[in-house]
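Novice: pasting the structure only:
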Ligand SMILES: O=C(O)CCC(=O)C(=O)O
Ligand SMILES: [Fe+2]
């Protein structure tokens, strides 16, 4: 039986320091760890509310994002990433996603990276840009650490492992033009899974993000203004011995308003080896993937060989037992 898209929603998880649920080892904490693990296994995503992130900060970040998109095209194009072009400025040139435009800032938790980006975009300076983005990155770093710990505790591994894997933060700032007429839906960003550990997504008022359920139904998300969407990426799926679900997602545009969003991606270090901890392999869950290096996987996904394989099968083709 199909799901009723109106009735179906992804889990909503609230992180509230005031409720002591964030005190590790308490009953509240353990319940929250279970909720996070189950959401990642069953849906590959959840809507999260983190009260520490003020709504004004969100408004400010989208205000500087609008200023960024207001810059002339020749300035925008200075945001180049020679090794990974998709992590620099992407103009609306891609025939697959002609409405999509994005900037990328690697290692965005580091103030100097933000400053280098700012120097390119605003040669006369724009400290407010750096300060605003940096404040958001600090809070999301805290949240990443918290959720990483919850996933470890959710599998009873918290005593054994310090973290899932070492990551850097990639910030991607996105804008979607719209050419939707009379309420029809047009593609903003093609369906994909994220080739990272996990992602936080945040949008500004205009919705459009959709996720695919395990039984193939596309669900339109309407996150509340204070929430973020947490997305399980390919590498968290691999680390968890495929117990977690790397959710397929896309952006569909309706209406006449452009959409702004940003994504904060936990990107493993190029040399990281991805391997499920032995505790996650047992009779019921035989080992699915061989150990592999993150950079080799990423290179594979860009290779000619991969272009002939459905992207859902990339991980299995590359590292399947
Ligand atoms: O704009 C969004 O909400 C989604 C962006 C996304 O999925 C991505 O950049 O990987
Ligand atoms: Fe994505």
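Specialist: Nice, thanks for sending it over. On a predicted model such as this, the values are computed, not experimentally measured, just so you know. Ligands and ions are numbered 1, 2, ... in the order given.

Novice: What parts of this structure come near ligand 1?
Specialist: 172, 174, 189, 194, 201, 203, 209, 249, 251, 261, 263 (C-beta under 6 Å from any ligand atom). C-betas here are computed from N, CA, C, even on glycine.

Novice: who's the closest residue to ligand 1 within the stretch 201-321 of the chain bridged to?
Specialist: Residue of the stretch 201-321 of the chain nearest ligand 1, by C-beta to the nearest ligand atom: residue 261 (3.6 Å). When assigned by DSSP bridges, residue 261 has beta-bridge partners residue 174, residue 203.

Novice: Now for it: which residues touch it?
Specialist: Counting by C-beta atoms under 8 Å, 6 or more residues apart in numbering, residue 261 touches 174, 176, 201, 202, 203, 204, 209, 251.

Novice: for the most centrally placed residue in the chain, what are its contacts?
Specialist: In the chain, the centroid-proximal residue (C-alpha atoms, centre = their mean) is residue 199; its distance is 1.9 Å. Contacts for residue 199 (C-beta under 8 Å, 6+ apart) come out as 230, 231, 233, 263, 264, 265, 266.

Novice: Restricted to helices, list these.
Specialist: Using DSSP state H, no member of the contacts of residue 199 falls in helices.

Novice: on that earlier part again, from residue 274, how far off is the residue of the stretch 201-321 of the chain closest to ligand 1?
Specialist: Counting by C-beta to C-beta, to the nearest Å, the separation of residue 261 from residue 274 is 27 Å.

Novice: try residue 89
Specialist: 29 Å.

Novice: and if you look at residue 118?
Specialist: Residue 118 is 33 Å from residue 274, by C-beta to C-beta.

Novice: Pick out whichever of the two has more residues nearby.
Specialist: Between residue 118 and residue 274, residue 274 has the larger neighbour count (other C-beta atoms under 10 Å), namely 24 against 20.

Novice: Can you name the residues bridging to that one?
Specialist: Going by DSSP bridges, residue 274 forms beta bridges with residue 292.

Novice: mind listing what it touches?
Specialist: By C-beta under 8 Å, 6+ apart, the residues touching residue 274 are 165, 235, 238, 239, 268, 289, 291, 292, 293, 294, 297, 319.

Novice: where does it land on pLDDT?
Specialist: Looking at residue 274, its pLDDT is 97.

Novice: Next one: residue 271 from residue 136, what distance?
Specialist: For residue 271, the distance to residue 136 (C-beta to C-beta) stands at 28 Å.

Novice: Same check on residue 180?
Specialist: The gap separating residue 180 from residue 136 is 29 Å, by C-beta to C-beta.

Novice: picking up where we left off before, show the buried residues in the residues of the chain next to ligand 1.
Specialist: Buried members of these, counted by 16 or more other C-beta atoms under 10 Å: 172, 174, 189, 194, 201, 203, 209, 249, 251, 261, 263.

Novice: Just those: which are in strands?
Specialist: Of these, the ones assigned to strands by DSSP state E are 172, 174, 189, 201, 203, 209, 249, 251, 261, 263.

Novice: so what's residue 118 up against?
Specialist: By C-beta under 8 Å, 6+ apart, residue 118 lies in contact with 125, 126, 127, 129, 130.

Novice: I'd like those residues laid out as a markdown table, including secondary structure and pLDDT.
Specialist: Below are the contacts of residue 118 laid out as a markdown table (DSSP: H, G, I helix; E, B strand; the rest coil; pLDDT from 0 to 100):
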| residue | secondary structure | pLDDT |
| --- | --- | --- |
| 125 | coil | 96 |
| 126 | coil | 97 |
| 127 | helix | 97 |
| 129 | helix | 98 |
| 130 | helix | 98 |
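
Novice: would you list those residues in CSV and tack on neighbour count and distance to residue 305?
Specialist: Formatted as CSV, these follow (neighbours: other C-beta atoms under 10 Å; distance: C-beta to C-beta, whole Å):
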residue, neighbour count, distance to residue 305
125, 11, 46
126, 18, 43
127, 10, 46
129, 22, 40
130, 21, 41
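
Novice: Kindly indicate which of these lies nearest ligand 1.
Specialist: Nearest member of the contacts of residue 118 to ligand 1, counting by C-beta to the nearest ligand atom, is residue 129, at 19.9 Å.

Novice: Could you report the neighbour count for the closest residue in space to that closest one that isn't next to it in sequence?
Specialist: Of all residues not flanking residue 129 in the chain, residue 64 sits nearest, at 4.8 Å (C-beta to C-beta, 6 or more residues apart in numbering). Residue neighbour count, defined by other C-beta under 10 Å, stands at 17 for residue 64.
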